[in-house]
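**Student:** here is my input, please return the structure:
(one chain, ligands or ions: 1)
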Amino acid sequence: MRIDVVTIFPEYLNPLDVSLVGKARARGQLGVHVHDLRNWTHDRHHTVDDTPYGGGPGMVMKTEPWGEALDEVVADGFESGAHGPVLVVPTPSGRPFTQELAVELSARPWLIFAPARYEGIDRRVTDEYATRTPVYEVSIGDYVLAGGEAAVLVITEAVARLLPGVLGNAESHRDDSFAPGAMADLLEGPVYTKPPEWRGRGIPEVLLSGHHGKIARWRRDEALHRTSLHRPDLIERADPAAFDKKDRETLSILGWAPGADGRFGRTAYTVEQ
Ligand code: 6GU
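**Tutor:** Model prediction:
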């Protein structure tokens with residue numbers, strides 16, 4: 001996969017040199033190219049923003065530097081053999097970034113990130129590129145960052161770990177919270193490792209039992225418990241067919257019951273958690 005990032009803060013992307021993404025780059029599984037947007041300005045002050053038409057607070061990023069930058073980045077990429085670019089524009093007004101979208105992006109050969117600072121990029125830039133290539137406007141959550149650079153780091157890491165051969169253990173993403181499959185749509189419960197006792201705290205007996213069925217059941221119950229506590233919306237949304245008889249017993253203890261449509265909702269009685 002090839003990744004280009006055009007930004008006014010190239011150093012902000014330095015973390016892409018380390019950890020999983022850094023290793024993927026070193027192994028040649030990922031090519032990352034960071035570009036300074038100000039290289040495509042022509043005035044003495046390297047101006048990239050201006051006041052918004054219609055008034056209001058803040059500044060808007062200008063069309064011309066972005067247009068020239070993206071044209072050149074796209075042309076250079078094609079010249080080095082890249083194909084199938086998609087433009088990813090991190091913005092708090094984008095669609096939510098989910099594991100599903102990470103999987104979709106990980107199947108693309110070439111991502112071009114255009115993170116904005118200030119109040120955003122002049123709309124005409126995305127409108128223009130949308131005529132040539134898919135454009136994804138993506139938000140990483142319901143809060144406001146000063147710019148999209150942190151979102152580029154988040155999205156790149158979520159996508160890179162899905163690339164073939166990037167994770168050491170091929171099975172490591174099977175049980176991910178939000179991964180499609182066995183534990184779909186439940187948060188993962190707690191995990192433990194040696195020593196067996198630390199500051200007077202032991203580990204749950206069942207994990208030492210060697211009884212795989214009981215361990216799987218315990219993990220599932222912990223996942224249901226944690227999901228009920230932190231993400232009740234996931235239980236409300238879940239396909240009830242995903243819950244077996246034991247799950248239903250656990251959900252009942254946690255204060256959930258199936259409604260008329262079979263989907264689970266809170267009962268009046270909900271345990272303290
Ligand atoms: Cl992608 N950008 C900014 N500036 N704020 C955000 C965001 C992105 N996602 C959530 N908040």
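**Student:** neighbours around K214, how many?
**Tutor:** 13 (other Cβ atoms under 10 Å). Bear in mind the C-beta positions are built from the backbone N, C-alpha and C, glycine included.
**Student:** just the pLDDT for it.
**Tutor:** For K214, the model assigns a pLDDT of 98.
**Student:** mind giving me the packing neighbours of the strand or helix carrying I112?
**Tutor:** Using DSSP states H and E, I112 falls within strand 110-113. On a contact count with 3 or more Cβ pairs under 8 Å, 6 or more residues apart in numbering; DSSP states H and E, strand 110-113 meets strand 2-7, helix 63-79, strand 85-96, helix 149-160.
**Student:** would you mark the buried spots in the third one?
**Tutor:** Read that as strand 85-96. P85, V86, L87, V88, V89, P90, T91, P92, G94 (16 or more other Cβ atoms under 10 Å).
**Student:** so in that sheet, which strands flank it, and in what orientation?
**Tutor:** Sheet pairing of strand 85-96 (DSSP bridges) gives strand 110-113 (parallel), strand 135-139 (parallel).
**Student:** closest to the ligand out of these?
**Tutor:** Proximity to the ligand (Cβ to the nearest ligand atom) singles out strand 135-139 among those, at 4.0 Å.
**Student:** what angle do the closest one and helix 149-160 make?
**Tutor:** 110 degrees (axes from the mean of the first three to the mean of the last three Cα atoms, to 10 degrees).
**Student:** average pLDDT across strand 135-139?
**Tutor:** Rounded mean pLDDT across strand 135-139 is 98.
**Student:** in the stretch 151-273 of the chain, what residue lies closest to the ligand?
**Tutor:** Counting by Cβ to the nearest ligand atom, the stretch 151-273 of the chain gets nearest the ligand through A151, at 3.4 Å.
**Student:** pLDDT below threshold where in the stretch 151-273 of the chain?
**Tutor:** 169-172, 174-175, 179-184, 269-273 (pLDDT under 70).
**Student:** up against the ligand, what does it have?
**Tutor:** A151 (Cβ under 6 Å from any ligand atom).
**Student:** next SSE downstream of the strand holding I112?
**Tutor:** helix 123-130.
**Student:** any idea how far the closest residue to I121 other than its chain neighbours is from M1?
**Tutor:** Of all residues not flanking I121 in the chain, M61 sits nearest, at 4.4 Å (Cβ to Cβ, 6 or more residues apart in numbering). Applying Cβ to Cβ, to the nearest Å, the value for M61 to M1 is 26 Å.
**Student:** the closest residue to E149 other than its chain neighbours - how many residues pack around it?
**Tutor:** Distances taken as Cβ to Cβ, 6+ apart place Y12 nearest to E149, at 4.1 Å, with adjacent residues excluded. Y12 has 18 neighbouring residues, counting by other Cβ under 10 Å.
**Student:** list the buried residues in the helix or strand L101 falls within.
**Tutor:** Here L101, judged by DSSP H and E, is contained in helix 99-106. Using 16+ other Cβ under 10 Å as the test for burial, helix 99-106 gives L101, A102, V103, L105, S106.
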